[in-house]
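Asks: what's the 3D shape of this:
(chains A and B)
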Amino acid sequence: MKITTKLWIGLVILIILSPLGLILPARFKAGSAWGEWGTEEMKSLVGYIPRGFEKLSKLWNAPLSDYAFKDSGARGLAHLSLAYIVSAVLGIAVVAAVMLLIGKVLSKKGD
Amino acid sequence: MHIPDGYLGPTTCGVFYALMLPVWAFASRIVKKTLNAKQVPLLAIGAAFSFVIMMFNVPIPGGTTGHAVGGVLVAVLLGPWAACIAITVALVVQALLFGDGGITAIGANCFNMAFTLPFAGFFIYKLISYNSPINSNRRVIAAGIAGYLALNLAGALTGFEFGIQPLLHKTASGQALYCPYGLKAALPAMIGEHLLIFGWVEALVTALAVKYLQKQSPELLREK
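Replies: Numbers count the residues shown, from 1 in each chain, chains lettered A, B, ... in the order given. Predicted coordinates:
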C-alpha cells in the first residue's frame, strides 16, 4: 500500500475520533480556550463588553460556526458530535482541494 | 490559540497582515522552486492533518482547552515554507467556514501558527537530529522537543499579542476596547497552559508520527 493511502486512512481515523475534542472538554468541565470567549462570557469575566470587541466580534458569521449546525447546541452532545464529524469531513475536503490546487499551480511539472 | 475577531485592535491586525504578506509571497516562490509534483498529495495531506488535529481540544479539567497544530510535523516532512502555506490554508478555512479564529486576525494567527511554529520546529528538529541516521531514536526525540518548544513559542506569542491590547487601545475612562487582559494576565495564562499540557500534545503527535514514518516510509524523512 502506498504511504499516501496509509496517511489518508489515518486521516479518516482522526475524523472518526474527532468528537473526542468535544466530549473530553465537556466531560472534564473545561470552558472556552483562553482568549476565545463569546460576548456573554466576556461580560461575566470583566464586567463589561469592550466596545471595539462588541463591534468586531460580529464581523463574520461563519456557516458552520464552532464546527456545528445552527441548532446543534440545543440538541445535545450526540448531535454535536455528528456535526463535528461532518465539519471535519467538509473541512478536510476543502483544505485538501485548495492545497492540491495551489500545489498544482506551484509545483514543478515533469518530475 | 485561534485569536477571534474583536480581541486585537486594528493596529495589531494590520501589522500582522503586513508581516505575513511578504512571507506568503516568499513561501510561494520557494515552494515553486523546490516542490515536486509528486509531493503535492503529501502537502494536501499535511494541510488536512493540521486542520483536523486542531479540532482535538484537550481539556485542562475545570479550566480551558487547547490543541496541537501538527505544523512541526508538516515542516519536518516538507520543509518550513511548504508547511507555512499548508497551515495557512487550514487556518483560512477554519476562519471562513467554521468561525475558528477571526477574519481580522488571520494575519496574526498565521504569524503564530503558520510561520513561527513551523520555522521554530523545523530548525530545532534539524539542530537536534543533525547527522543522525534516518531510523535513529534521536530523530524521534528531536521531533518531540521541536513540537513542544515550537507550540510553546507560538502560544507565548499569542499571549503577547493579547496582552499588548490594553496598552494600545483604551477609552478615556480606562475601559479596554479589545482584549481586556494585559501582559501580566495573558502571558502567564498562555505560556502556562502550553508548558503544562498542550505543548506535550504537539510533542507526542510529532514524535509518534516520525517514529511511524521511520518504519513505513523512511524516504520521507531524508534531508531536504
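Asks: can you pull up the most central residue in chain A?
Replies: residue A:67 (4.6 Å; Cα atoms, centre = their mean).
Asks: pretty sure that one is touching residue B:98, no?
Replies: Yes: counting by Cβ atoms under 8 Å, residue B:98 is a contact partner of residue A:67 at 5.2 Å. In this view, the C-beta of every residue, glycine as well, is placed from N, C-alpha and C.
Asks: overlap in contacts, those two.
Replies: Shared contacts of residue A:67 and residue B:98 (Cβ atoms under 8 Å, 6 or more residues apart in numbering or on different chains): A:87, A:91.
Asks: quick check: what element follows the longest helix along chain B along the chain?
Replies: Longest among the helix segments of chain B by residue count, using DSSP state H, is helix B:137-163. With elements assigned by DSSP states H and E, the helix or strand that comes after helix B:137-163 is helix B:165-168.
Asks: that's a helix at residue A:70, yeah?
Replies: No: going by DSSP: H, G, I helix; E, B strand; the rest coil, the assignment for residue A:70 is coil, not a helix.
Asks: how far away is it from chain B?
Replies: 12 Å (Cβ to the nearest Cβ, to the nearest Å).
Asks: quick one: the helices in the chain, in order.
Replies: All of this is about chain A. Using DSSP H, helices in chain A cover A:3-17, A:20-27, A:39-46, A:51-56, A:76-106.
Asks: you answered for a different chain; I wanted chain B.
Replies: Using DSSP H, helices in chain B cover B:10-34, B:40-53, B:71-78, B:80-98, B:106-110, B:117-129, B:137-163, B:165-168, B:183-193, B:199-216.
Asks: chain A: which of these is closest?
Replies: The closest approach between chain A and any of the helices of chain B, judged by Cβ to the nearest Cβ, belongs to helix B:40-53 at 3.5 Å.
Asks: same list (the helices of chain A) but as CSV, adding distance to chain B.
Replies: Shown next, in CSV, are the helices of chain A (distance: least, Cβ to the nearest Cβ, whole Å):
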stretch, distance to chain B
helix A:3-17, 4
helix A:20-27, 4
helix A:39-46, 5
helix A:51-56, 4
helix A:76-106, 3
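Asks: rebuild these as a markdown table, extending it with mean pLDDT and mean neighbour count.
Replies: Shown next, in a markdown table, are these (pLDDT from 0 to 100; neighbours: other Cβ atoms under 10 Å in any protein chain shown):
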| stretch | mean pLDDT | mean neighbour count |
| --- | --- | --- |
| helix A:3-17 | 96 | 15 |
| helix A:20-27 | 94 | 18 |
| helix A:39-46 | 94 | 13 |
| helix A:51-56 | 95 | 19 |
| helix A:76-106 | 95 | 18 |
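Asks: export those helices to TSV and tack on distance to residue B:122?
Replies: What follows is the helices of chain A, written out as TSV (distance: least, Cβ to Cβ, whole Å):
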stretch	distance to residue B:122
helix A:3-17	20
helix A:20-27	26
helix A:39-46	36
helix A:51-56	33
helix A:76-106	19
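Asks: which residues does stretch A:51-70 contact?
Replies: A:38-39, A:42, A:80, A:83-84, A:87-88, A:90-91, B:4-7, B:9, B:55, B:95-100, B:102-104, B:169, B:171, B:175-180.
Asks: ignore the last one, stretch B:188-201
Replies: Looking at what lies outside stretch B:188-201 - Cβ under 8 Å, 6+ apart - the contacts are A:34-35, B:1, B:56, B:58, B:60, B:63-64, B:66-68, B:147-149, B:151-152, B:155-156, B:158-159, B:162, B:181.
Asks: same question for stretch A:76-96.
Replies: Contacts for stretch A:76-96 (Cβ under 8 Å, 6+ apart): A:11, A:14-16, A:18-19, A:21-23, A:26, A:64, A:67-69, A:72-73, B:44-45, B:47-48, B:51-52, B:55, B:89-90, B:93-94, B:97-98.
Asks: in chain B, where is pLDDT below threshold?
Replies: Residue ranges of chain B with pLDDT under 70: B:224.
Asks: centroid-nearest residue for it?
Replies: Nearest to the geometric centre of chain B sits residue B:113, at 2.5 Å (Cα atoms, centre = their mean).
Asks: kindly confirm whether my reading is correct that that one touches residue B:70.
Replies: No: at 9.8 Å, residue B:113 does not count as touching residue B:70 under the criterion of Cβ under 8 Å.
Asks: sounds good, over and out.
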